[in-house]
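[1] based on what follows, work out the 3D shape:
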Amino acid sequence: MTDDLINVYKTSSKLMPLVHLPVQSGSNKILNLMNRKHTIEEYLLVYEKLRKINPKIEFSSDFIIGYPEEDEQDFKMTMELIEKVKFINSYSFIFSPRPGTVAANLTLVDQKKSKQRLEIIQEKLFNNQIKKNKSLENKILNVLVENKMKDGIKLFGRTEYMTSVIFDGNIENIGKLVQVEITSSNQNSLFGKLTESSKKKVA
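    Numbering: from 1, shown residues only. As a prediction, this is how the structure comes out:
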């Protein structure tokens, strides 16, 4: 993430305000063992620059839990990073060795401990998603309509943050940008109804 690329988020209307910025761990020790080329300080600097340029920007990420030599302090640092950035959507996995890699020869973290850490991490990440989605209730959002749901009645689309939106509509909406009033939510999706202005455009 060079400054040139970061500055594009200030000038381009084509870029959505969701940045998927994989970090893998909140510990510099673990990042070094992974042979990653970034530090947490560098990661947070990019985060702060992007947020300063555009406060609407939100982040998603990837996390590997239980990487060899990960201890409680390393895990705590990852939790602290999640608390600071408040990722709106993230993917997290337990480390699994791949034959032929350096990491395959390292001593694994106890599987039970890794599972416990993953559960703690995922609960925190999922709560962030729930809170973010809840904050969007009763708001009107622009939604790009992708297709019909399997029930053949409701439509499926996504917000500018790639969040799923399910709402009543008709096939003429597919492929269009419409306004949806959000009435409820869960961890993964928003639910709503077309605004009157969007209905009139289709009619």
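[2] where do the strands sit along this structure?
    With strands called from DSSP state E, the chain shows them at 18-20, 58-65, 89-94, 140-148, 154-158, 164-168, 177-185, 189-194.
[3] between these, which one is closest to T39.
    T39 lies closest to strand 58-65 among these, at 15.2 Å (Cβ to Cβ). C-beta here means a position set from N, CA and C on the backbone, and glycine is covered the same way.
[4] thinking again about what came up before, dump the strands of the chain into CSV; add distance to N32 as well.
    Compiled in CSV, the strands of the chain are given as follows (distance: least, Cβ to Cβ, whole Å):
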stretch, distance to N32
strand 18-20, 23
strand 58-65, 14
strand 89-94, 20
strand 140-148, 40
strand 154-158, 36
strand 164-168, 37
strand 177-185, 39
strand 189-194, 38
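[5] make JSON lines out of these and add mean neighbour count, mean pLDDT and distance to K29.
    As requested, the strands of the chain are exported to JSON lines (neighbours: other Cβ atoms under 10 Å; pLDDT from 0 to 100; distance: least, Cβ to Cβ, whole Å):
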{"stretch": "strand 18-20", "mean neighbour count": "17", "mean pLDDT": "95", "distance to K29": "24"}
{"stretch": "strand 58-65", "mean neighbour count": "20", "mean pLDDT": "96", "distance to K29": "14"}
{"stretch": "strand 89-94", "mean neighbour count": "18", "mean pLDDT": "93", "distance to K29": "18"}
{"stretch": "strand 140-148", "mean neighbour count": "17", "mean pLDDT": "95", "distance to K29": "41"}
{"stretch": "strand 154-158", "mean neighbour count": "19", "mean pLDDT": "95", "distance to K29": "37"}
{"stretch": "strand 164-168", "mean neighbour count": "19", "mean pLDDT": "95", "distance to K29": "36"}
{"stretch": "strand 177-185", "mean neighbour count": "18", "mean pLDDT": "96", "distance to K29": "37"}
{"stretch": "strand 189-194", "mean neighbour count": "19", "mean pLDDT": "96", "distance to K29": "37"}
